[in-house]
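Colleague: all I have is the shape, not the residue letters:
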């Protein structure tokens, strides 16, 4: 099956700093999603990005499908950005998740 | 547009009992997916229902089962509960197996 790998596994930032999270996948996919899981467990969809670049406020994402990776950029981080960030790809009629990046933003 | 709704929010059961979790998809979505997230672990695919049929299941024992109703809502049943079944159970819906939207989850605790 497909392998989805995320890096780094953990990240600690000072409020206001920028960061880049990476997602590599081992096979061709039609789509990719980035999620933020808040401390209460809710998975919030950030981006639906099969290719190219999208921006939403302080967050942006880029997927290079031909090279099988995606990047999530967080600029001017805030404490509310803390949580776990997952990338996921549809494969075999289900969504396959990476292990996640745990982000802690300190004030 | 209402999102994916799950109930109950929290559920506490005794080992050996049965648990029933419910999920209502986004209106118009015919596919419902169930995932388990045990503490400190990633999201593991459990079950996929589409048009009332079970289409795929993950690597879980048969005590995990469910169904999808004609209105596309879904129920996940876990029989003979074990302590390691304690987890956050997330439901997602999608249209045409593309973008997935998740509910807020049911946190099951087995004591």
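Modeller: In hand now; what should we look at? The shown structure was predicted, so the numbers you read here are calculated from the model rather than taken from an experiment.

Colleague: going forward, measure contacts and count neighbours with C-alpha atoms only.
Modeller: OK.

Colleague: tell me the spacing between the nearest residue to residue A:78 once chain neighbours are set aside and residue B:82.
Modeller: Excluding its sequence neighbours, the residue lying closest to residue A:78 (C-alpha to C-alpha, 6 or more residues apart in numbering or on different chains) is residue A:15, at 5.3 Å. Distance of residue A:15 to residue B:82, given as C-alpha to C-alpha, to the nearest Å: 41 Å.

Colleague: same thing with residue A:93?
Modeller: For residue A:93, the distance to residue B:82 - C-alpha to C-alpha - is 28 Å.

Colleague: show me the shaky parts of chain A.
Modeller: Applying pLDDT under 70 to chain A flags no residue at all.

Colleague: how many neighbours does residue B:57 have?
Modeller: By the criterion of other C-alpha atoms under 10 Å in any protein chain shown, residue B:57 has 18 neighbours.

Colleague: pop out the phi and psi values for it.
Modeller: Torsion angles at residue B:57 (phi, psi; degrees, to the nearest 10) stand at phi -140, psi 150.

Colleague: buried sites along stretch B:18-25?
Modeller: Neighbour-count burial for stretch B:18-25, counted by 16 or more other C-alpha atoms under 10 Å in any protein chain shown, picks out B:19, B:21, B:22, B:23, B:24, B:25.

Colleague: re the thing from before, okay, residue A:93 and residue B:82: which has more neighbours?
Modeller: Shown here are residue A:93 and residue B:82; by other C-alpha under 10 Å, residue B:82 has more neighbours (17 against 12).
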